[in-house]
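Visitor: 3D, please:
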Amino acid sequence: MPTTINALLESAGLSHSGVARWGTPIPNDQPGIYLIALSRDPSSLEGCLGEAPISLPAVIDLTTRASSLTVDGRPDPSPQELADRLSLLWLPDEVVVYVGKASTSVRQRVGQYYTTRLGDRSPHAGGWALKTLSVLPDLSVHWAATPRAELAEQQVLARFVDGVSARARTSLADSEHPYPFANLEGPGGRKRHGIRGARSAVRQSAPSRKAQDSAAAERVPRPPAGRGVLTGDQKVTLHEEIAAILREHDNQWMTTDQLARLVARRGRYIKRDGTSNVSAFQVHGRTRNYSQLFERQGTRVRLR
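Guide: Numbers count the residues shown, from 1 in each chain. The predicted structure is shown next:
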């Protein structure tokens, strides 16, 4: 049967040391393990979710940042395809969604987990799938101090696997390795999920002065006929391309960074320099200048 946090810790001879909300520093500088869960109560199974709460905006961000991302060997998966595959890692009757170890300091290791951007390789990308959850800010981080962090992690994962229900196994992409949602490997080997290259994002260097000047010039609105790329008899302007992307994603809120990456990836809008590469700053300026078309909240944009 599904396993509580306390039962998992007891299987490794440990007791619960504390709990904090996701994003909050952990007051423990000792080595140990940590369990990220839907429940704040370590003795309860309340909080289980029957369906995977995958965040489509987070998945969109991953598909635009991770250049080598594939699903079953197929490159450039759609955000919906990736979200559907991630849903097959979800266990509907479990509260624990990730188990990790900290060989030196729980505070430091969990802090690294907090700050690693989805798609990056470091400093802590082992449980990257966790960052695709829409409930991420509501998750709780439980921990227990132990100098045997690696052994304790394996013992906890083994106990977790033993408790997974037959019903939950049938819904998984890999029923032989029913680890917590964001654990992609454990004592029985690697989870077979078909996703590769999710940690292949390329870090971007700061824009040059020339690029900044170009971005500033791009913010000045021009008549639609004066720019764009020919598509049949029509020219695609930047604001038209942004609007098209938003419509294709059901007009969900998207960040200017996500929109800029999708504009470049689609290649339909061409700048005067012959490229489709636009910056989040340019998207910000264009959506601001067409305020009758776009609604904005900070860096987020959608159609009115």
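Visitor: show me the strands in the stretch 201-304 of the chain, by range?
Guide: 229-231, 234-236, 254-255, 294-297, 300-303 (DSSP state E, counting those that start in this stretch).
Visitor: cool, and the stretch 1-150 of the chain?
Guide: 18-21, 32-37, 70-71, 74-75, 96-102, 140-145.
Visitor: and the end-to-end length of stretch 288-304?
Guide: End-to-end distance of stretch 288-304 (C-alpha to C-alpha, to the nearest Å): 12 Å.
Visitor: how distant is it from the center of its chain?
Guide: Its chain's C-alpha centre and that of stretch 288-304 lie 24 Å apart, by C-alpha atoms, centre = their mean, to the nearest Å.
Visitor: same question for stretch 260-273.
Guide: Distance of stretch 260-273 from the chain centroid (C-alpha atoms, centre = their mean) equals 24 Å.
Visitor: make 25 the first number, not 1, from now on.
Guide: All right, first residue 25 from here; so that's stretch 284-297.
Visitor: got the CA coordinates for that stretch in CSV?
Guide: Extracted in CSV, the C-alpha atoms of stretch 284-297 (Å, rounded to 0.1, in the frame of the first residue of the first chain):
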residue,chain,number,x,y,z
ALA,A,284,11.2,35.0,-27.8
ARG,A,285,12.5,31.4,-28.0
LEU,A,286,9.5,30.1,-29.8
VAL,A,287,9.7,33.0,-32.4
ALA,A,288,13.3,32.0,-33.1
ARG,A,289,12.5,28.3,-33.2
ARG,A,290,9.5,28.7,-35.7
GLY,A,291,11.6,30.9,-38.0
ARG,A,292,8.6,32.6,-39.6
TYR,A,293,9.4,36.1,-38.5
ILE,A,294,12.7,37.5,-40.0
LYS,A,295,14.5,40.6,-38.9
ARG,A,296,16.4,42.9,-41.1
ASP,A,297,19.6,41.1,-40.3
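Visitor: got the contact list for the nearest residue to residue 281 once chain neighbours are set aside?
Guide: Among residues not flanking residue 281 along the chain, residue 304 sits closest, at 4.3 Å (C-beta to C-beta, 6 or more residues apart in numbering). In this view, the C-beta of every residue, glycine as well, is placed from N, C-alpha and C. By C-beta atoms under 8 Å, 6 or more residues apart in numbering, the contact list for residue 304 reads 279, 280, 281, 283, 284, 323.
Visitor: you'd agree the fifth one is up against residue 303?
Guide: Yes. Using C-beta atoms under 8 Å, residue 284 makes contact with residue 303 at a distance of 5.7 Å.
Visitor: where do the domain boundaries of the chain fall?
Guide: Per the record, the chain has its domains at 29-220, 233-327, by automatic domain parsing.
Visitor: from those, which stretch is densest packed?
Guide: Each of these was scored by mean neighbour count; the highest is domain 29-220, a mean of 18, by mean count of other C-beta atoms under 10 Å.
Visitor: next one: that one to chain centre, how far?
Guide: On the basis of C-alpha atoms, centre = their mean, domain 29-220 sits 12 Å off its chain's mean C-alpha point.
Visitor: now do that domain, average pLDDT.
Guide: The pLDDT scores in domain 29-220 average 95.
Visitor: for it, measure first residue to last.
Guide: Per C-alpha to C-alpha, the first residue of domain 29-220 is 30 Å away from its last.
Visitor: just stretch 186-195 next, same as before
Guide: End to end - C-alpha to C-alpha - stretch 186-195 spans 16 Å.
Visitor: try stretch 308-324
Guide: Its first and final residues considered, stretch 308-324 spans 9 Å by C-alpha to C-alpha.
Visitor: bridging residues for the nearest residue to residue 203 once chain neighbours are set aside?
Guide: Leaving aside its sequence neighbours, residue 203 sits nearest to residue 210 (C-beta to C-beta, 6+ apart; 4.5 Å). Beta bridges link residue 210 to residue 213 when assigned by DSSP bridges.
Visitor: got the contact list for residue 210?
Guide: Applying C-beta under 8 Å, 6+ apart, we find residue 210 in contact with 178, 181, 182, 185, 201, 203.
Visitor: how close does it sit to residue 122?
Guide: Distance of residue 210 to residue 122, given as C-beta to C-beta, to the nearest Å: 11 Å.
Visitor: then residue 169?
Guide: 18 Å.
Visitor: likewise for residue 288?
Guide: On the measure of C-beta to C-beta, residue 288 and residue 122 end up 32 Å apart.
Visitor: now swap in residue 205 and tell me
Guide: Distance, residue 205 to residue 122, using C-beta to C-beta: 7 Å.
Visitor: what's the overlap in contacts for these two?
Guide: residue 154.
Visitor: re earlier: save the contacts of residue 304 as JSON lines, and put in pLDDT and distance to residue 217 too.
Guide: Shown next, in JSON lines, are those (pLDDT from 0 to 100; distance: C-beta to C-beta, whole Å):
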{"residue": "279", "pLDDT": "90", "distance to residue 217": "26"}
{"residue": "280", "pLDDT": "88", "distance to residue 217": "31"}
{"residue": "281", "pLDDT": "85", "distance to residue 217": "26"}
{"residue": "283", "pLDDT": "90", "distance to residue 217": "28"}
{"residue": "284", "pLDDT": "88", "distance to residue 217": "29"}
{"residue": "323", "pLDDT": "84", "distance to residue 217": "31"}
